[in-house]
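Peer 1: sequence? don't have it. structure:
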């Protein structure tokens, strides 16, 4: 009998880095364009790309590259928005996350997840649950509840109502 526990993750790319988030948090992946245009909000935090219409609701979209201290998207650069259902401070929030490209859905065994090293890291370790090495490439498992603060979401909702 195999006691190994594995979980499904959505694997996506930001520049040359691979990240993953639990598929249980993913509601949908949308292509931006005429139907799903991101509307910029004045005075929003720099890591907030704006808002998008998702099933009739206005939801915030986080610019993951800026959130993770990477170069911003260039004008006209292609990306997708991963729509996520997150539990932040015991409240449910639907949030969009800009990503360069969705790569795959993968299974990761709990035993394969390693802690993130404490030295020389370019990312806030509170945002990363662990690291997995697959085919000599590292995959960062994101803790989005830590990466996206409730203060950002509350401030964004206040700005949306004011404007």
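Peer 2: In hand now; what should we look at? Just so it is clear, the model here is predicted, and its values are computed rather than measured. Residues are numbered from 1 along each chain as shown.

Peer 1: nearest residue to the residue most central in space within the chain other than its sequence neighbours?
Peer 2: The residue lying closest to the centre of the chain (Cα atoms, centre = their mean) is residue 97, at 4.4 Å. Leaving aside its sequence neighbours, residue 97 sits nearest to residue 82 (Cβ to Cβ, 6 or more residues apart in numbering; 4.7 Å). Bear in mind the C-beta positions are built from the backbone N, C-alpha and C, glycine included.

Peer 1: quick check, that neighbour in contact with residue 13.
Peer 2: No: Residue 82 is beyond contact range of residue 13, at 11.6 Å (criterion: Cβ atoms under 8 Å).

Peer 1: and these two? Which one has more around it.
Peer 2: Neighbours were counted for residue 82 and for residue 13 using other Cβ atoms under 10 Å; residue 82 has more, 24 against 13.

Peer 1: phi, psi for that one please.
Peer 2: As for residue 82, its main-chain torsions (degrees, to the nearest 10) stand at phi -90, psi 120.

Peer 1: what of residue 64?
Peer 2: phi -60, psi -30.

Peer 1: where in this structure is pLDDT low?
Peer 2: Where the chain drops to pLDDT under 70, the residues are 1-3, 33-35, 118-125, 149-163.

Peer 1: helices along that one, start to end?
Peer 2: 64-67, 144-147, 150-162 (DSSP state H).

Peer 1: how near is residue 136 to residue 21?
Peer 2: Counting by Cβ to Cβ, to the nearest Å, the gap from residue 136 to residue 21 is 22 Å.

Peer 1: so which of the two has more stuff around it?
Peer 2: residue 21 (23 against 5).

Peer 1: am I right that the more buried one is in contact with residue 86?
Peer 2: No: with contact defined as Cβ under 8 Å, residue 21 does not reach residue 86; the gap is 9.6 Å.

Peer 1: shared neighbours of the two, anything?
Peer 2: residue 144 (Cβ atoms under 8 Å, 6 or more residues apart in numbering).

Peer 1: picking that back up, contacts only, for the residue nearest to residue 97.
Peer 2: Applying Cβ under 8 Å, 6+ apart to residue 82 gives the contacts 10, 12, 21, 26, 29, 96, 97, 99, 102.
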